[in-house]
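Chemist: got a predicted structure plus its sequence, pasted below:
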2 protein chains.
Amino acid sequence: MKHELLLQNIAKHINLTGEEETYFISLLQHKKIKRRQYLFHEGDISKFQAFVVDGCLRSYSIDKNGFEHVLQFAPPGWWIGDMKSFLKQQPGTLYIDAIEDSEVILLFKSDLEKLYSTVPKFERFFRILAENALATYQHRLINNLSLPAKERYENFCRLYPSLIQRLPQKQIAAYIGVTPEFLSKMLNQATAKK
Amino acid sequence: MKHELLLQNIAKHINLTGEEETYFISLLQHKKIKRRQYLFHEGDISKFQAFVVDGCLRSYSIDKNGFEHVLQFAPPGWWIGDMKSFLKQQPGTLYIDAIEDSEVILLFKSDLEKLYSTVPKFERFFRILAENALATYQHRLINNLSLPAKERYENFCRLYPSLIQRLPQKQIAAYIGVTPEFLSKMLNQATAKK
DNA sequence: AGAGGGCGTTAACCTGGGTTAAGCTTTTTT
DNA sequence: AAAAAAGCTTAACCCAGGTTAACGCCCTCT
């Protein structure tokens, strides 16, 4: 079943009856996304959050010089979306696309609101999710303010070992906040040192 | 009443009965903090979140070279705490202290858990709070990755005009991620240009 | 009221990381 | 199978922002 991973994740934090589970599943939409295809585009108003079942997505912004900055990678088991646009229903500033051919489950805002009133337990689930994400972003911000590029890279490797294999180097550079050229230089200096 | 500001904030997102309100208030603890006094210290395990009623607090980390990096300022109406330590009940990495003589309301984790089971509406309230905070930190991260120091400063001024008056320059420097010396240089160049 | 410690400023010098540009390799598309 | 596009590397040069240090001002204690 395609919803299994999501249901497992939910079961870690709240217990659903069979009925509630069925209702929840009825709200979900399935979608396949090919590599490099957009799930969300700057200027869109976000109508859904996406739960990744297979593949890997990323959210990023493009600055006025055309450079990309990665906010998040989302391998299977992760949620991704333009949170600000989703909450305020304003045009978003992010792009979301697939790094590999991927499969996601979409939960639309209108359905989520129905879900909250029908099964209030989900307030708890998404509260916990948001709080954990919040703590993670706070930590990353502090890292970015206080650590040099090399240590940010090492942290990234430690935190997301599975991603290292899977991502092109330039994506990692855009996440930790350096140019691809500098990351390349840095890595080769590190190995040369031995 | 000292709880008014907090109750107003809550009323923006959920409606409480008189009874629920009374119960909620019974859980709160009041505390005064003098300028430069700590509310939380690195290594502590966070037992509470604090809602600021008067004055101004800040949360920050100290890196291995002894430099401070500000995660958040909290003027009246804001919550502050070491979220990661609070959630995982692990030793924290932040410091929280008062920038001015301040008053806060403490909500302890044990009481918050009781509150969630007694008045589940609060799951919703804190979900909304966490989601908004999350979107804010995501935005700040992207800013830090994509904008030069001057624009980060301008953004700060636009976003928190009331804080500019109130904060010493070096605190702002530690928030936007530059040295006090550089911020001073930057500001004087900007005004000299006219 | 005086003294000591923050705080802001300036200036000379330094460096982590950016820029540009070219060449090579691998992957994707046709 | 060829062409095009994306990715990685290297190297020379550059700059935003850091470092160090010295000086003056203004709080805030006592």
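Modeler: Great, that's in hand.
Chemist: check whether the helix or strand of chain A with the lowest mean pLDDT comes near chain B.
Modeler: Lowest mean confidence among the helices and strands of chain A (mean pLDDT, DSSP states H and E): helix A:180-192, at a mean of 85. No - residues of helix A:180-192 are not located near chain B by Cβ under 8 Å from any Cβ of the partner chain, the shortest gap being 13.9 Å. Bear in mind the C-beta positions are built from the backbone N, C-alpha and C, glycine included.
Chemist: pretty sure A:Leu71 contacts A:Leu57?
Modeler: No - with contact defined as Cβ atoms under 8 Å, A:Leu71 does not reach A:Leu57; the gap is 11.2 Å.
Chemist: name the residues contacting each of the two.
Modeler: Residues touching both A:Leu71 and A:Leu57 (Cβ atoms under 8 Å, 6 or more residues apart in numbering or on different chains): none.
Chemist: residues contacting the nearest residue to A:Ala174 once chain neighbours are set aside?
Modeler: Distances taken as Cβ to Cβ, 6 or more residues apart in numbering or on different chains put A:Val70 closest to A:Ala174, at 4.5 Å, once the chain neighbours are dropped. Contact partners of A:Val70, counting by Cβ under 8 Å, 6+ apart, are A:Arg58, A:Ser59, A:Tyr60, A:Gln171, A:Ala174, A:Tyr175.
Chemist: next: A:Ser162.
Modeler: Applying Cβ under 8 Å, 6+ apart, we find A:Ser162 in contact with A:Pro75.
Chemist: pLDDT of the helix or strand harbouring the residue nearest to A:Ala174, averaged?
Modeler: Taking DSSP states H and E as the criterion, the element that holds A:Val70 is strand A:68-74. The pLDDT scores in strand A:68-74 average 96.
Chemist: off-centre distance for it?
Modeler: 8 Å (Cα atoms, centre = their mean, to the nearest Å).
Chemist: quickly check: it near DNA strand C or not.
Modeler: No - counting by Cβ under 7 Å from any atom of the strand, DNA strand C has no neighbours in strand A:68-74; the shortest distance is 10.4 Å.
Chemist: helix, strand, or coil at A:Ala50?
Modeler: Following DSSP: H, G, I helix; E, B strand; the rest coil, we place A:Ala50 in the strand state.
Chemist: and what of A:Asp97?
Modeler: Following three-state DSSP, A:Asp97 is assigned to strand.
Chemist: how near is it to A:Phe67?
Modeler: The gap separating A:Asp97 from A:Phe67 is 16 Å, by Cβ to Cβ, to the nearest Å.
Chemist: higher neighbour count, these two?
Modeler: Neighbours were counted for A:Asp97 and for A:Phe67 using other Cβ atoms under 10 Å in any protein chain shown; A:Asp97 has more, 18 against 13.
Chemist: grab the nearest non-local neighbour of that one.
Modeler: A:Tyr38 (4.9 Å).
Chemist: just give me the neighbour total for the one you found.
Modeler: A:Tyr38: 13 surrounding residues under other Cβ under 10 Å.
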